[in-house]
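> what shape does this take:
(one chain, ligands or ions: 2)
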Amino acid sequence: MAVYTHVDPDDLAALVARYEMGSVLSCKGIAEGVENSNFLLETTGGRFILTLYEKRVREGDLPFFVDLLDHLAASGSPVPAMIRDRSGSAVQQISGRAACIIQFLPGISLTHPTPAQCEAAGVALGAMHRALAGYDGARANSMGHRHWREVANATGDLDAVRPGLQATVDEELGFLDAHWPTDLPAHVIHADLFPDNVLMLGDRVTGLIDFYFAASDFRAYDLVITHAAWTFSADGSTCDPALAQALMRGYAREIALTDGEIAALPTLARGASLRFLLTRAHDWVHTPADALVTRKDPSPFLARLLRYRADDAARLFSPA
Ligand SMILES: Nc1ncnc2c1ncn2[C@@H]1O[C@H](COP(=O)(O)OP(=O)(O)O)[C@@H](O)[C@H]1O
Ligand SMILES: N[C@@H](CCOP(=O)(O)O)C(=O)O
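Ligands and ions are numbered 1, 2, ... in the order given. The predicted structure follows:
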């Protein structure tokens, strides 16, 4: 359960009173997620998500996320609206945190996607990239490759998380410093399109959520994050070719990757694996003991990293 901050019922009633959404019926902490405090808020006007921003989301970035979701919704992507209060404001304060009330979207987050669902996720990602190519907003990627060493240093002794991890991370940071691409197609990307951030009904994508890592970066980096998140066994040791091909096939229906992007995919995927390995390792060590959250195991992203390092890694990205 990701609830770091508790909400006083009187403060919540006062917050909801700012909106055209009736009065509070219930407000329950949501089990999924690790970054922010999320609540399912039911009012006499309907069902909403209340998010209190924690940890890695800077309040100053919230207007960017509000604008980004407006742009994507106007482009036809299935993203939730940040609801405006009567004065037109989407960003609020409650319990000492910046907060938003967000449109509730139907659908289920998958734990074991099928090839058809991976293909649908690939199409949705590609369609979102088409919409983002024309978006003129920008945000520096605070979780991008230039910041991974900081995350590693802030974690402390990585060998305490897993013996031998420090040497692997140091070696990988050196490799990525030397080989990270510089000139691939770039625009704002989602940067965290894990299955828990895609709502689906059957094989249909009904919601793309959790844009709080969205930032300017390579579109192919977004694709490999999705590849790493959707196509591996739970322990991260095996990439399922049927899932990977379906994802790449779906994406290719919307976006034709350049030769430079195709050549860079294994390196970008190593970077994506390291990024989630490091943030998970950091949170493994630093999550407050009283937070209602299930920490995520870093090890499956070490396993992905090793798989993407293998000589035959390029074939994991073949659409057929
Ligand atoms: N707009 C939404 N509609 C429906 N459910 C949502 C919505 N936003 C979040 N959720 C639910 O809340 C969970 C946590 O939200 P998420 O934004 O992923 O949290 P975090 O930022 O902490 O990772 C999601 O997995 C989903 O179950
Ligand atoms: N997706 C990341 C962490 C961020 O989690 P989310 O709940 O905000 O998607 C991971 O799995 O490490």
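
> near ligand 2, which residues of this structure show up?
33-35, 192, 194, 196-197, 210, 276, 279-280, 296 (Cβ under 6 Å from any ligand atom). Where you see a C-beta, it was placed from the backbone N, CA and C, and this is true even at glycine.

> can you add secondary structure and give those back as TSV?
TSV is the format used below for the residues of the chain next to ligand 2 (DSSP: H, G, I helix; E, B strand; the rest coil):
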residue	secondary structure
G33	coil
V34	coil
E35	coil
D192	coil
F194	coil
D196	helix
N197	helix
D210	coil
F276	helix
T279	helix
R280	helix
K296	coil
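
> just give me the closest of the residues you listed to R84.
Ranked by distance to R84 (Cβ to Cβ), the residues of the chain next to ligand 2 are led by D210 at 19.9 Å.

> spit out the contact partners of that closest one.
D210 makes contacts with 33, 35, 192, 196-197, as judged by Cβ atoms under 8 Å, 6 or more residues apart in numbering.

> scan those residues and report the most crowded one.
Each of the contacts of D210 was scored for neighbours by other Cβ atoms under 10 Å, and D192 scores highest at 22 neighbours.

> my guess is that residue contacts A228. True?
No - under the criterion of Cβ atoms under 8 Å, D192 makes no contact with A228, lying 11.1 Å away.

> nearest residue to P195 in space, ignoring adjacent ones along the chain?
Leaving aside its sequence neighbours, P195 sits nearest to L110 (Cβ to Cβ, 6 or more residues apart in numbering; 4.8 Å).

> any idea how far ligand 1 is from T231?
Relative to ligand 1, T231 is positioned 19 Å away (criterion: Cβ to the nearest ligand atom, to the nearest Å).

> and that residue, what's its pLDDT?
Per-residue pLDDT puts T231 at 98.

> enumerate every residue touching it.
Contact partners of T231, counting by Cβ under 8 Å, 6+ apart, are 118, 239-240, 243-244, 247, 316.

> likewise A140?
Neighbouring residues of A140 by Cβ under 8 Å, 6+ apart: 215-216.

> next, G174: secondary structure please.
Quick answer, by three-state DSSP: G174 is helix.

> and the gap between it and Y308?
Note on G174: its distance to Y308, by Cβ to Cβ, to the nearest Å, is 16 Å.

> ok, which residues in the stretch 51-200 of the chain are in contact with ligand 1?
80, 102-105, 109, 196-197.

> related to what we said a few turns ago, would you turn the contacts of D210 into TSV with pLDDT?
TSV is the format used below for the contacts of D210 (pLDDT from 0 to 100):
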residue	pLDDT
G33	79
E35	83
D192	97
D196	94
N197	96
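
> V151: how many residues sit nearby?
For V151, using other Cβ under 10 Å, the count is 17.

> that one is in contact with H282, isn't it?
Yes - if you go by Cβ under 8 Å, V151 and H282 touch, sitting 5.6 Å apart.

> mind checking how far I108 is from L193?
Separation of I108 from L193 (Cβ to Cβ): 16 Å.

> neighbour count winner among those two?
Between I108 and L193, counted using other Cβ under 10 Å, the more crowded position is L193 (25 against 13).
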